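# Only the shape, not the letters, is given here:
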């Protein structure tokens with residue numbers, strides 16, 4: 001995400017007045033890599049935390065869908 005311009009996206013959003021208190025800016029990626037890196041100029045500082053949070057989120061999704069009998073996996 002960072003290599004594809006993620007930090008520039010966050011800088012742009014912050015420049016338009018969107019701050020860390022907004023719910024979308026607290027989502028995966030924005031909270032750990034985006035907002036923190038742009039604000040504190042610490043590119044990659046929270047990257048391991050973001051990767052861990054993403055894995056945990058994916059695990060919760062997998063668990064949720066496995067329990068739903070109407071989901072049909074192809």
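Sure thing, it's come through. None of these values were measured; they are calculated from a predicted model. Numbers count the residues shown, from 1 in each chain.

# now the helices for the chain?
Taking DSSP state H, the helices of the chain run over residues 6-15, 36-40, 47-67.

# Pick the most deeply packed of those.
Across those, averaging neighbours per residue (mean count of other CB atoms under 10 Å) puts helix 36-40 on top, at a mean of 17. Placement of C-beta: from N, CA and C, glycine included.

# so where's the chain uncertain?
For the chain, the stretches with pLDDT under 70 are 33-48.

# one more time with 50
Counting by pLDDT under 50, the chain contains low-confidence ranges at 44.

# gap between the residue lying closest to residue 31 once chain neighbours are set aside and residue 65?
Setting aside the residues directly before and after it, residue 31 is nearest to residue 25 in space (CB to CB, 6 or more residues apart in numbering), at 7.0 Å. Distance, residue 25 to residue 65, using CB to CB, to the nearest Å: 27 Å.

# what do you get for residue 3?
Distance check for residue 3 against residue 65: by CB to CB, it reads 30 Å.

# And residue 16, by the same measure?
Computed as CB to CB, the residue 16 to residue 65 distance reads 35 Å.

# Could you do residue 23 as well?
23 Å.

# try residue 22
Remark: distance between residue 22 and residue 65 (CB to CB) = 28 Å.

# residues contacting residue 57?
Residue 57 sits next to residue 28 when contact means CB atoms under 8 Å, 6 or more residues apart in numbering.

# give me the number of residues near residue 32?
The tally of other residues near residue 32 (other CB atoms under 10 Å) stands at 21.

# Could you do residue 30 as well?
Residue 30, neighbours per other CB under 10 Å, totals 22.

# which residues touch it?
Neighbours of residue 30 in contact, by CB under 8 Å, 6+ apart: 10, 24.
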